[in-house]
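Chemist: have a look at this prediction, sequence included:
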Amino acid sequence: MAFSVPALPYPFDALEPTIDAKTMEIHHDKHHQAYVDNANKA
């Protein structure tokens, strides 16, 4: 079974001004993707 990063059900800027769109994009597209990639390698 392979894991995958699901698409967010809202745009990256939906949580502004609390969390800015760039932070959301980095965490979802980079950090979360890295966790999933490593889980799939294990």
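Modeler: Sure, I can see it.

Chemist: who's in contact with the helix or strand containing Tyr35?
Modeler: For Tyr35, the element it lies in under DSSP states H and E is helix 33-41. For helix 33-41, contacts defined as C-beta atoms under 8 Å, 6 or more residues apart in numbering pick out 2-5. C-beta here means a position set from N, CA and C on the backbone, and glycine is covered the same way.

Chemist: now find how far off-centre it is within its chain.
Modeler: When C-alpha coordinates are averaged (C-alpha atoms, centre = their mean, to the nearest Å), helix 33-41 and its chain have centres 12 Å apart.

Chemist: same deal with stretch 25-42?
Modeler: Its chain's average C-alpha position is 7 Å from that of stretch 25-42, according to C-alpha atoms, centre = their mean.

Chemist: about what we covered before: rebuild the contacts of helix 33-41 as CSV, extending it with distance to Glu25, pLDDT and secondary structure.
Modeler: Converted to CSV, the contacts of helix 33-41 look like this (distance: C-beta to C-beta, whole Å; pLDDT from 0 to 100; DSSP: H, G, I helix; E, B strand; the rest coil):
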residue, distance to Glu25, pLDDT, secondary structure
Ala2, 23, 96, coil
Phe3, 20, 98, coil
Ser4, 18, 98, coil
Val5, 12, 98, coil
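
Chemist: how about a markdown table for the residues you listed, with distance to Ala42 and neighbour count added?
Modeler: Below are these laid out as a markdown table (distance: C-beta to C-beta, whole Å; neighbours: other C-beta atoms under 10 Å):
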| residue | distance to Ala42 | neighbour count |
| --- | --- | --- |
| Ala2 | 11 | 6 |
| Phe3 | 10 | 12 |
| Ser4 | 15 | 9 |
| Val5 | 16 | 13 |
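
Chemist: give me the residue at the spatial middle of this structure.
Modeler: Nearest to the mean C-alpha position of the chain, counting by C-alpha atoms, centre = their mean, stands His28 at 1.5 Å.
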